[in-house]
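In: Turn this into a model:
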Amino acid sequence: MIKKMKKLSLFVFHADKLATLDMLASRGVLHIDMKNGITSGEIDTILSKKNSFQKSKSIIDVLLSRYEKKKTPIVAEMAVDSSKNISERVEEIIAYSDELEKITSTKDTLNKEINTISPFGDFSFDKVKALEKDTGYIVTFHVASAKEFSVYDFSKHEGITLCDIKEDKGKAYFAVFKKIDNEEVIPFDNVSFNKKSLSELRKELEEVDNSILSVESKILSFRSYIPLIDESMLAFNNDIHLEEAKESFEESDVTEGKVLLITAYVPKDKENTLRVFLNDNKIAYIMTDPSANDNIPVMLQSNRYSGAFQMITKLFQLPYYFELDLTPMIAFFYPIFFAFCFGDSGYGLVLTVLSIVGLLTKLKGKMVDIGIIGVTLGVLTMVMGVMNSGVVFGVNFATLQNIPIFYELSKFTFITDAKPNWFLTPFNAALLCGLFQIIIALILNVVNRIRYGDIADICGAVGKLLLIPGLVLWFLGDMQNMPVIKSNFSPYYYYLIIVGLIGISILTNIGKKPDVLNSILSIYFAVTGFMGDILSYIRLFALGASSGILGFVVNDIALSFLGVPFVGVAIMILFLIVGHAGNFALSILGSLVHPLRLTFVEFYNNVGFKGGGKEYKPLKKTEAFKI
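Out: Here you go, the predicted structure:
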């Protein structure tokens, strides 16, 4: 649900602006209605500092991740020095990072030079110079393709001596000796060196590697400061928020500019305590209920389970303040649709185990919601895998009847194609899921229109709510000749259709100029839109079927390896692991994305979702610690 807010108009003198904001920030409950496009020199300065802190944290995180991935021993953490402020430590981290970048660049250059000289071996450039001085011969180094080198006639060049050094990876490396005054040109690429031998370059590289290790160790020793860096960035956000609030005051026309006005919002359950605070501090205010024209912030309030799904709600956008919070509906439908798509109870078991392990290890703090969602999706997939066709790791329960547990579980498989003349097939079940969600959406649309729409909107929403079920019952009763529908609902579905048509075409024009064409189009779009929406839910069936088929194919191919002598079983097991891991990854991707699509397009559209809500962000005071 969306938490109720109270609108607050605050009046302060120019001289009291900063002190008043500071007092309000100390309460941590007041959301300031900020102006758009606020900027100032102070905000830019804070942003610059925040970026530096973010950069320092990223430097440590990236390096730490690399060390953990390679399982490289990590230096001990540095003890936090309370005598130094965090900004000094951040500057040190960035300085070390810059130094590391320069050293790494030197290493890259050395590696290139080593790669260039290594085919020619380890020789002394001093001896090459001595040869030139004592004999008047110079040495040039060349590289050519092995084929060109082998067919080239070097004898046509007078006064040169060829030294074939090495042939590697299709290339020939060689040296040419000739007199200094010899102008013969060899038509192959010259290789130039920086006059250091291979052993000298390797020694330099070793020293550079040691320098890199030393600097990286210094950077990693600062990881003990990460919690303080996180706190600092939170403080910077609060400071930016405070600066934006300073710039959001407006001059009150009533007081001829002598008093400043700022608009804010506070949760209704905090109203009384805030009133006491404002009265005690003699701050002038007017507190009212917000109207539809106000820029009201949205604060979502859910129980622990549905609260985990707020991340999906926020993935699209927050609801408009006066409409319903759809998070509980997402928490109900999304796991069901995911399980329908994922389909395999074995995969559901794997997802559940991975999520539980994640909750016990890595998924802490804000990441706990991901773990809760993962466990929910996994458990429902296990249930759906039993109910829908009965599949575990690509194997149908029907082929495992000799195993007691699968024999018992197969009794609960009622969404199946195996039963003759059975209505609840996976295809039909997918359509029924869609129909149920759309009917719920239409009901919520009526509630939304009652909350913030006019009478014409309400009539239109009620009309659509009656028309759609009426058309479905008429189709099943008269067109499909289903006795249970015809005997129980006829002629009532005709009444639903007639009343629905009146609501959509006539009553929706209350207070407006009658428009026949618009009425006809409203009916047309309602009917065709519903048909398009309901057909979109076929994707639930298609994704579930594809996951099961791929799992079956993986098993079929794996079993074919049993005929391979000696290693057949090992190959089969390896293929099963790799194949099902690939199918798991592919299936989970589609199962995550397509239910989101059904939620944000079909469901939101039929609810009449308005959206555009601004998140509730109360003004808070930065804790006093050294930044």
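In: ok, and for stretch 165-177, which residues are buried?
Out: Applying a neighbour-count criterion of 16 or more other CB atoms under 10 Å, one finds 165, 171, 172, 173, 174, 175, 176, 177 buried in stretch 165-177. Where C-beta positions appear, they are placed from N, C-alpha and C, glycine not excepted.
In: Apologies, that question was intended for stretch 270-286.
Out: So, applying 16+ other CB under 10 Å, buried residues of stretch 270-286: 270, 271, 274, 277, 278, 283.
In: Tell me if I'm right that the third one and residue 24 touch.
Out: No. Contact between residue 274 and residue 24 fails when scored by CB atoms under 8 Å: they sit 9.1 Å apart.
In: Now do the shared contacts for these two.
Out: residue 30 (CB atoms under 8 Å, 6 or more residues apart in numbering).
In: OK, contacts around the closest residue to residue 458 other than its chain neighbours?
Out: Nearest non-adjacent residue to residue 458, counting by CB to CB, 6 or more residues apart in numbering: residue 449, 4.6 Å away. By CB under 8 Å, 6+ apart, the contact set of residue 449 is 457, 458, 460, 461, 608.
In: The second one - how many residues pack around it?
Out: Under the neighbour criterion other CB atoms under 10 Å, residue 458 is assigned a count of 21.
In: next one: residue 384
Out: 26.
In: Then the one 10 residues further on?
Out: The criterion is other CB under 10 Å. On that basis, residue 394 has 23 neighbouring residues.
In: Please identify the helix or strand for the residue nearest to it when sequence neighbours are not counted.
Out: In space, residue 394 comes closest to residue 551 once its chain neighbours are excluded; the distance is 2.5 Å by CB to CB, 6+ apart. According to DSSP states H and E, residue 551 maps onto helix 538-560.
In: Would you mind listing the buried residues in that helix?
Out: Buried residues in helix 538-560, counting neighbours by 16+ other CB under 10 Å, are found at 539-548, 550-552, 554-555, 558.
In: same deal with stretch 220-239?
Out: Buried residues in stretch 220-239, counted by 16+ other CB under 10 Å: 220-225, 228-229, 231-233, 235-236, 238-239.
In: related to what we said a few turns ago, distance of the residue nearest to residue 458 from residue 292?
Out: 13 Å (CB to CB, to the nearest Å).
In: swap in residue 123?
Out: Residue 123 is 85 Å from residue 292, by CB to CB.
In: With residue 488 instead?
Out: Distance from residue 488 to residue 292, counting by CB to CB: 43 Å.
In: Same check on residue 473?
Out: From residue 473 to residue 292 the distance is 37 Å (CB to CB).
In: Those two - which one has more neighbours?
Out: The neighbour comparison of residue 473 against residue 292 (other CB under 10 Å) goes to residue 473, with 21 against 9.
In: Spatially central residue in this protein, please.
Out: residue 315 (8.7 Å; CA atoms, centre = their mean).
In: which non-adjacent residue is nearest that residue?
Out: Excluding the flanking residues, the one nearest residue 315 by CB to CB, 6+ apart is residue 596, at 7.4 Å.
In: what about that neighbour, neighbour count?
Out: 16.
In: coming back round to it: got the buried residues for the strand or helix carrying the residue nearest to residue 458?
Out: Per DSSP H and E: residue 449 is located in helix 426-452. For helix 426-452, the neighbour count (16+ other CB under 10 Å) marks 426, 429-431, 433-435, 437-438, 440-442, 444-446, 448-449 as buried.
In: Now do that helix and helix 538-560, the angle between them.
Out: The directions of helix 426-452 and helix 538-560 differ by 150 degrees, with axes from the mean of the first three to the mean of the last three CA atoms, to 10 degrees as the criterion.
In: In this protein, spot the helix with the most residues.
Out: helix 86-117 (DSSP state H).
In: any idea of the mean pLDDT in that helix?
Out: Mean pLDDT, computed over helix 86-117, is 92.
In: Just name whatever secondary elements it is in contact with.
Out: If contacts are counted by 3 or more CB pairs under 8 Å, 6 or more residues apart in numbering; DSSP states H and E, helix 86-117 sits against helix 41-70, helix 198-220, helix 226-246.
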